[in-house]
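A.B. asks: Dropping the sequence and predicted coords here.
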Amino acid sequence: MSDCQATYYDGHTTLSRQVNLSADNGWLTISGHAFEQRYPVIQLRLSPPLGNLQRTLYLPDGGRCDLVDNPLCCQLEQCLTKRRFMCFVHRWESSLKRAVIALLLTVAVVWAFIAFGIPVLAGQVTEMIPPTIEIRTGEETLNLLDHAMLRPSELGETRQTELRQMFSTILRDLGDDRPYQLLFRHSPTIGANALALPGGTVILTDELVTLAKSDEELIAVMAHEIGHIKHRHALRMVIQNTSAGFLVAALTGDLLSTTSLSAALPTMLVESKYSRDMERQADQYAVHYLTQKHIPLTHFAAILNRLTRYHTEGADKDRVDQWNQYLRTHPTTTERIQALHLPRRTSELTTGN
Amino acid sequence: MPIISCPECAYSKDTSPSIIPLGCYSITCPVCGHKFPPQPPKTPPDTPRFSHNEVREIPFSFHGKSGEYFGIWIVNTLLKVLTLGFYSPWAKVRKRRYLYGSTRLEDHPFDYVADPWVLFRGFLIGITLFVGYTLLNQFNPLLALPFTLVFFIAMPWLIVRSRMFNNRNTSHRNLRFSFAPEYRESYLTFGLLPILTTATLGLAAPYVMYRQKRFLMENNRFGQTPFVFEATVGDYYQIFLRLIGLSLLMMMIVAALIYAAVIYVVPATGFFSTLTGEGRSQMFALAFMLIFFLFSIASSLYLYVRLSNLNWNATHLDGHYFNSTLSVRSMAWIFLSNLAAISLSAGLLIPWATIRLTRYRIENLSLVAQGSLDHFLAGQDEEVNAIGEEIGDIFDVEIGL
């Protein structure tokens, strides 16, 4: 039978010996200078092939033999049926062609996960979580916001009642039985803005209410925020970001010592992509409602434009749009307005400026 | 021919060495039935190749190849992604085995012998904690606070367990390394001393780092043989003082350059007048951030290189000592070009960068041996679970090596 040279270490000292290995009838014989040992092949463990490293035979008594990959290894491998999978992995690792295929597959799988897998899974997980958790989280978030950047509203009581009336009309039309509520706050920090908190709370800032030129514009904004709540976006966001962060960490886990820096950017990219997708979904929800009520979409476009102008005052708008394309939490206003499919004329009118 | 004799009844017999299996731990006396260990390790049959006090410098050599490592890296990454991360213990073992197995001393390779299933158990615990923590943090940050506290309390324990696991699963010439510290000391060096750093506004930082390194090095063993660490606090402070001196010099140069630019170059080009007030302050902020980033990289590289050299050069193993010859300039070049290559290739050059950095680090280390290296003896092996290692890995506990 085949035999070969190997380096033998007994496991008790660092002394190494050159030995001869031969396998026969289920027994492995190690013979060296003035000693010889026999082991049943069944009790041996052979290290899986890896790169061009030497193979290692781990002996039952703690000894080991290092040997160059050779016919004896194949012969032993056939007796030791375990670890076939690692041989398969090794075949893929050691061929450039397959490594390239693996690379393309990795990119495809990661992309599919981020684009479809995670959102779909998150949607299903969201279904399973009872709304009570969302309501509690929403209350806590509101407390936090009230402390940090929201002040009591300075809007007149009549205006508030009017708007609440509009809000409950929308809810009645949509037929959703969640405990929705509309709140008004004044906020110098965030300016004209609308927020949807998990559970069903919509906040309009005084600045937004005064910025709007008609009630239809505010209806569009409220429908958009209700869309966020209806689709439970806050909860989905948490789940999606957690799983995406996990995926990125698993992928970049072995990046030298630059881990934190190099993992942060891809995570941010993915998170803002999800955020943009949710904005689009909320926009669609609002559009759906407005069309149903025969409210022209130009109102929605108008308030979007006005908000953009309000927030980018002084800054070079085009440049900001280009640079932040991948890190934005919202799609660009131009894109959002295009998605409204306004008749050409009006679209030009509203996006002009 | 060794003579085996029973310590109980003094029966003795001449035996050929091939009759006693090498892994034999106990011999039963045929006369009185008493069990006893075999006589002190049989003298090696091969004559020692080196006389007892011959001094020679043996370089560590690295034989890893970027091409090979690329295949290993990408295939294992794919498997990790396909299995939703559950394959990562196997991927880790494969990658480490490749890097360790490609490292040789006197042509004897190192080996990473961790069992992926043992790592997998630790991985499951770590991942459960991680997911729990992340969700808690998102839903209720207040409840996550005690969790963070527990984590900080467990930190010194994690550091010890992780190092125990890794040492125990590293072998060279079929002898395992080990780490045998007292937890009390771990809590002192990693729990209490860092408070001292804060309390003294960083003045004690070199001392604390020294104590931590000493703790990590002194408790290392190769087989039964402990490592001896002879660096002093003075050495550490010297390196930090040099760093401060160099930093001041750099700051002066940078300040002078900025001054020159503002006074002479900028008005000439008229570039500044095109910017608004906000643009100006943005540009300043950007420049400041860039300088700060480069500066912090430069100083941490300086510290890493100087401290690595100091630590290795002050380490002995049974009369053999180490010689580390890393240079700040080469390290900075490798680090920055690696960073550029990785970002420009969207991560594809990670394997190349890893191999390059590992090669540089390993090939700048050598062992100055006195006589032969054949006489190290194995210690007692105890299985170590991988919980500490995996939790540390998942939560990214930094252990300065």
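C.D. replies: Noted; the coordinates are in hand. Numbers count the residues shown, from 1 in each chain, chains lettered A, B, ... in the order given.
A.B. asks: what separates whichever residue of chain A sits closest to chain B from residue A:25, distance-wise?
C.D. replies: At 2.2 Å from chain B, residue A:61 is the closest residue in chain A, using CB to the nearest CB. C-betas here are computed from N, CA, C, even on glycine. For residue A:61, the distance to residue A:25 equals 20 Å [CB to CB, to the nearest Å].
A.B. asks: quick one: the residue of chain A closest to chain B and residue A:12 touch, right?
C.D. replies: No - using CB atoms under 8 Å as the test, residue A:61 is too far from residue A:12 to be in contact (9.7 Å).
A.B. asks: Counting neighbours, what do you get for residue 160?
C.D. replies: Using chain A. 16 (other CB atoms under 10 Å in any protein chain shown).
A.B. asks: sorry, should have said chain B
C.D. replies: 23.
A.B. asks: Quick check: it is in a helix.
C.D. replies: Yes - counting by DSSP: H, G, I helix; E, B strand; the rest coil, one finds residue B:160 located in a helix.
A.B. asks: chain center to stretch B:249-260, what's the gap?
C.D. replies: Mean-position distance between stretch B:249-260 and its chain equals 36 Å (CA atoms, centre = their mean, to the nearest Å).
A.B. asks: tell me the mean pLDDT over that stretch?
C.D. replies: Mean per-residue pLDDT for stretch B:249-260: 86.
A.B. asks: Over to stretch B:312-320?
C.D. replies: Mean predicted lDDT for stretch B:312-320 stands at 91.
A.B. asks: Pull out the buried positions in it.
C.D. replies: B:312, B:313, B:314, B:315, B:317, B:318, B:320 (16 or more other CB atoms under 10 Å in any protein chain shown).
A.B. asks: which residues in chain A form strands?
C.D. replies: A:3-9, A:16-24, A:27-32, A:35-40, A:45-46, A:55-58, A:64-67, A:151-152, A:181-186, A:194-197, A:201-205 (DSSP state E).
A.B. asks: Reformat the ones you listed as a markdown table; add mean pLDDT, distance to residue B:94 and mean neighbour count.
C.D. replies: Shown next, in a markdown table, are the strands of chain A (pLDDT from 0 to 100; distance: least, CB to CB, whole Å; neighbours: other CB atoms under 10 Å in any protein chain shown):
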| stretch | mean pLDDT | distance to residue B:94 | mean neighbour count |
| --- | --- | --- | --- |
| strand A:3-9 | 86 | 22 | 20 |
| strand A:16-24 | 86 | 25 | 17 |
| strand A:27-32 | 86 | 25 | 17 |
| strand A:35-40 | 86 | 26 | 16 |
| strand A:45-46 | 85 | 15 | 18 |
| strand A:55-58 | 88 | 14 | 22 |
| strand A:64-67 | 89 | 18 | 22 |
| strand A:151-152 | 84 | 58 | 12 |
| strand A:181-186 | 84 | 55 | 18 |
| strand A:194-197 | 84 | 47 | 21 |
| strand A:201-205 | 84 | 50 | 23 |
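A.B. asks: Output the below-cut-off pLDDT ranges for the stretch 301-401 of chain B.
C.D. replies: Along the stretch 301-401 of chain B, the model assigns pLDDT under 70 to residues B:381-383, B:392-401.
A.B. asks: So which residues on it come close to chain A?
C.D. replies: B:338-339, B:342-343, B:347-348, B:350, B:353-354, B:357, B:373-378, B:393, B:396 (CB under 8 Å from any CB of the partner chain).
A.B. asks: Are any of those buried, and if so which?
C.D. replies: B:338-339, B:342, B:347, B:350, B:353-354, B:357, B:373, B:375-376, B:378, B:393.
A.B. asks: Which of these fall in helices?
C.D. replies: If you go by DSSP state H, these have B:338, B:339, B:342, B:350, B:353, B:354, B:357, B:393 in helices.
A.B. asks: elements contacting the lengthiest helix in chain A?
C.D. replies: Ranked by residue count and defined by DSSP H, the top helix of chain A is helix A:259-292. Judged by 3 or more CB pairs under 8 Å, 6 or more residues apart in numbering or on different chains; DSSP states H and E, the packing partners of helix A:259-292 are helix A:157-174, helix A:215-230, helix A:233-252, helix A:298-311, helix A:333-339.
A.B. asks: follow-up on the earlier one: got the strands of chain A as CSV, with distance to residue A:121 columns?
C.D. replies: Listed next are those as CSV, based on distance: least, CB to CB, whole Å:
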stretch, distance to residue A:121
strand A:3-9, 49
strand A:16-24, 50
strand A:27-32, 49
strand A:35-40, 49
strand A:45-46, 39
strand A:55-58, 41
strand A:64-67, 45
strand A:151-152, 39
strand A:181-186, 30
strand A:194-197, 23
strand A:201-205, 27
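A.B. asks: between these, which one is nearest to residue A:159?
C.D. replies: Comparing the strands of chain A by their distance to residue A:159 (CB to CB), the top pick is strand A:181-186, with 8.7 Å.
A.B. asks: List the pairing partners of that closest one within its sheet, with orientation.
C.D. replies: Using DSSP bridges, strand A:181-186 pairs in its sheet with strand A:151-152 (antiparallel), strand A:201-205 (parallel).
A.B. asks: if we can go back for a sec, pick out whichever of residue A:61 and residue A:25 has more residues nearby.
C.D. replies: The residue with more neighbours, out of residue A:61 and residue A:25, is residue A:61; 17 against 7, by other CB under 10 Å.
A.B. asks: Got the phi and psi for the more buried one?
C.D. replies: phi -90, psi 10 (degrees, to the nearest 10).
A.B. asks: Check residue B:116 too.
C.D. replies: Torsion angles, degrees, to the nearest 10, at residue B:116: phi -60, psi -30.
A.B. asks: Would you check that it makes contact with residue B:90?
C.D. replies: Yes - using CB under 8 Å, residue B:116 is in contact with residue B:90, at 4.5 Å.
A.B. asks: Next, find the distance separating the residue of the stretch 51-200 of chain B at minimum distance from chain A from residue B:100.
C.D. replies: The nearest approach of the stretch 51-200 of chain B to chain A comes at residue B:174, 3.4 Å away (CB to the nearest CB). For residue B:174, the distance to residue B:100 equals 13 Å [CB to CB].
A.B. asks: do residue B:334 as well
C.D. replies: From residue B:334 across to residue B:100, the span is 20 Å (CB to CB).
A.B. asks: Have a look at the two and say which one is more surrounded.
C.D. replies: residue B:100 (20 against 17).
A.B. asks: Which residues lie in contact with that one in this structure?
C.D. replies: By CB atoms under 8 Å, 6 or more residues apart in numbering or on different chains, the contact list for residue B:100 reads B:109, B:110, B:111, B:112, B:170.
A.B. asks: Which among those count as buried?
C.D. replies: Buried by 16+ other CB under 10 Å: B:109, B:110, B:111, B:112, B:170, out of the contacts of residue B:100.
A.B. asks: where in chain A is pLDDT low?
C.D. replies: Counting by pLDDT under 70, chain A shows low-confidence ranges at A:1-2, A:79, A:81-83, A:249-264, A:313-328, A:341-353.
A.B. asks: Identify the residue nearest the geometric centre of it.
C.D. replies: residue A:244 (2.3 Å; CA atoms, centre = their mean).
A.B. asks: Restricted to helices, list the contacts of residue B:100.
C.D. replies: Per DSSP H, helices hold no members of those.
A.B. asks: which one among the residues you listed gets closest to residue A:137?
C.D. replies: residue B:112 (44.2 Å).
A.B. asks: dump the residue contacts of that closest one.
C.D. replies: Per CB under 8 Å, 6+ apart, neighbours of residue B:112: B:93, B:96, B:97, B:99, B:100, B:101, B:169, B:170.
A.B. asks: Export the residues you listed to CSV and append columns for distance to residue A:17 and secondary structure.
C.D. replies: Listed next are the contacts of residue B:112 as CSV, based on distance: CB to CB, whole Å; DSSP: H, G, I helix; E, B strand; the rest coil:
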residue, distance to residue A:17, secondary structure
B:93, 28, helix
B:96, 27, helix
B:97, 23, helix
B:99, 27, helix
B:100, 22, helix
B:101, 20, helix
B:169, 24, coil
B:170, 22, strand
